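J.: can't give you the sequence, but here's the structure:
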């Protein structure tokens, strides 16, 4: 397979990656760029486990073709927080007990991150809408919603 | 995913001239929310994928004296929150906000929803209610076609049991714009979707209605459009005729929803879902009409 070069910004760094064009963004991030926080759940854009931010908008990376991110800014959980400091959302997820098996957590955090970037003071309904595309089979969502709300109050 | 060539044109002209030279085996990708699954599962095996996502010139919402124009690349996130759309085509804003999830609405485009040709494309019945017109371009020129006559009645069964309605677009053409008339005085619209859950629901049925009233609060003209109760969304002329020229009293609305139900029955009588849909379409239609009446009284008191 002929490979192609894709240049984009991943977690704040400009990068050029050589990859096959017939890859989902999800697979390129995991296989070529070691961003294994991005999970594959359903692979159909329904569960939200593979959610990442492109230009600060939450999208399911299983329904994006890898070369489509040419020139875009991509954020995964690897790019949250600083070297020795967690992002506020990561902290409140831990404090609120919003993580059980953890598989949905990266997607949940990024959906919430997209909301807080756009709207630093969301209502509970807005929080619920922001994670409508993220399925969690453990928590029943209550603690996740609490975690996002706690990140707002701080 | 099979191997393919990938081409990302810089502008629409480049895309059209590429398609003018070679269109066999070429698939277009924009938001990708449908085609990515078909590629990944190898339902389609294109030789070439042309990426339209980068064409910002096809992403806009504008209004002039007469028309609202939406670029085919505009995402549903942008449509649902757009002030021009909310003011002139509430049905479309409501339909857009019900599509998939936040993530899907950030990717999915209105053009893609139309050309994919699904029987249950959420935005399509709202757009039929607005009498939307499609602007389709190719290297040879451009043409316009009304959305309602766009779908061909010769569907092919699809892998998931849905029908793909070979949307009336040629391989070398690109859907560029969707436009419709601005709302006039006392003209309102609304949309409802019946699904199994609040988010990420495939529509069981959608109803989009636009009604223009005269000064006497009689229906001056209207469009009643249904989705997911036939091979493609369509309007129900016979039910529109029942309410046109009349005030929307309980009896008139009853007659209207019964006619809608009869038309649905005739269109899907061989489907297992028919007994359910022919009843539920009555109440969904009634709900949309009531929503328009409620919104009308709210706007006219304002």
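T.: Perfect, I can see it now. What you see is a predicted model, and the numbers here were worked out from it, not measured in a lab. Numbers count the residues shown, from 1 in each chain, chains lettered A, B, ... in the order given.
J.: pLDDT score assigned to the residue lying closest to residue B:9 once chain neighbours are set aside?
T.: For residue B:9, ignoring the flanking residues on the chain, the nearest one in space by C-beta to C-beta, 6 or more residues apart in numbering or on different chains is residue B:15 at 4.0 Å. To be clear about C-beta, it is placed using only N, CA and C from the backbone, and glycine gets the same treatment. Looking at residue B:15, its pLDDT stands at 97.
J.: which bits of the stretch 151-300 of chain B sit near chain A?
T.: B:198, B:199, B:200 (C-beta under 8 Å from any C-beta of the partner chain).
J.: ok, back up a step: distance check, the residue nearest to residue B:9 against chain A.
T.: 14 Å (C-beta to the nearest C-beta, to the nearest Å).
J.: Surely that residue is in a helix?
T.: Yes: according to DSSP: H, G, I helix; E, B strand; the rest coil, residue B:15 belongs to a helix.
J.: what sits against the residue of the stretch 51-200 of chain B found nearest chain A?
T.: Closest contact between the stretch 51-200 of chain B and chain A, by C-beta to the nearest C-beta, is at residue B:101 (2.5 Å). Contact analysis of residue B:101 by C-beta atoms under 8 Å, 6 or more residues apart in numbering or on different chains lists A:45, A:46, A:48, A:132, A:133, A:134, B:199, B:200.
J.: Could you identify the longest helix within chain B?
T.: Scanning chain B for the longest helix, with DSSP state H as the assignment, gives helix B:274-301.
J.: and it, what other elements does it pack with?
T.: strand B:187-194, strand B:205-213, helix B:250-268 (3 or more C-beta pairs under 8 Å, 6 or more residues apart in numbering or on different chains; DSSP states H and E).
J.: Out of the ones you listed, which is closest to residue B:141?
T.: Minimum separation from residue B:141 across the helices and strands packed on helix B:274-301 (C-beta to C-beta) falls at strand B:205-213, 30.8 Å.
J.: What strands flank that closest one, and is each parallel or antiparallel?
T.: Taking DSSP bridges as the criterion, strand B:205-213 sits next to strand B:187-194 (antiparallel), strand B:219-227 (antiparallel) in its sheet.
J.: So for the shortest one, mean pLDDT?
T.: I take that to be strand B:187-194. 95.
J.: Where do the strands of the stretch 1-150 of chain B begin and end?
T.: Applying DSSP state E, counting those that start in this stretch to the stretch 1-150 of chain B gives strands spanning B:5-7, B:26-29, B:48-51, B:61-63, B:67-71, B:133-138, B:141-146.
J.: give the contact list for the residue nearest to residue B:9.
T.: Going by C-beta under 8 Å, 6+ apart, residue B:15 touches B:9, B:50, B:52, B:55, B:174.
J.: related to what we said a few turns ago, can you count the residues close to the nearest residue to the residue of the stretch 51-200 of chain B closest to chain A once chain neighbours are set aside?
T.: Nearest residue to residue B:101 in three dimensions, chain neighbours excluded: residue A:133, at 2.5 Å (C-beta to C-beta, 6+ apart). Using other C-beta atoms under 10 Å in any protein chain shown, residue A:133 is surrounded by 25 other residues.
J.: cool, residue A:126 as well?
T.: 13.
J.: Surely residue A:144 is in contact with residue A:102?
T.: No: Residue A:144 is beyond contact range of residue A:102, at 11.9 Å (criterion: C-beta atoms under 8 Å).
J.: Name the residue in these two with the higher neighbour count.
T.: residue A:144 (29 against 12).
J.: Can you say which helix or strand has that one in it?
T.: Assigned by DSSP states H and E, residue A:144 belongs to helix A:142-153.
J.: ok now that helix, how far from the chain's centre?
T.: Remark: helix A:142-153 is offset 17 Å from the chain centroid, using C-alpha atoms, centre = their mean, to the nearest Å.
J.: first to last residue in stretch B:200-207, what's the distance?
T.: As for stretch B:200-207, its first-to-last residue distance stands at 18 Å under the measure C-alpha to C-alpha, to the nearest Å.
J.: which of the residues in that stretch are buried?
T.: Within stretch B:200-207, the residues scored as buried using 16 or more other C-beta atoms under 10 Å in any protein chain shown are B:200, B:201, B:203, B:204, B:205, B:206, B:207.
J.: Let's have the strands of the stretch 1-150 of chain B in TSV, adding distance to chain A and mean neighbour count.
T.: Below are those laid out as TSV (distance: least, C-beta to the nearest C-beta, whole Å; neighbours: other C-beta atoms under 10 Å in any protein chain shown):
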stretch	distance to chain A	mean neighbour count
strand B:5-7	4	18
strand B:26-29	6	20
strand B:48-51	6	21
strand B:61-63	17	14
strand B:67-71	17	20
strand B:133-138	22	20
strand B:141-146	26	12
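J.: out of the residues of the stretch 151-300 of chain B next to chain A, which are inside helices?
T.: Among these, no member lies in helices (by DSSP H).
J.: Where does the prediction get shaky in the stretch 51-200 of chain B?
T.: Low-confidence segments of the stretch 51-200 of chain B (pLDDT under 70): B:153-166.
J.: Ok, chain A next?
T.: A:1, A:153-154.
J.: Checking the residue positioned nearest the centre of it next. Helix, strand or coil?
T.: With distances taken as C-alpha atoms, centre = their mean, chain A has residue A:52 as the residue nearest its mean C-alpha position (3.2 Å). Each residue gets one of three states, and residue A:52 gets strand by three-state DSSP.
J.: thought it was touching residue A:79?
T.: No: look at residue A:52 against residue A:79 with C-beta under 8 Å: they stay out of range, at 9.5 Å.
J.: what pLDDT, on average, does the strand or helix carrying residue B:238 get?
T.: In this assignment (DSSP H and E), residue B:238 forms part of helix B:237-243. The average pLDDT for helix B:237-243 rounds to 96.
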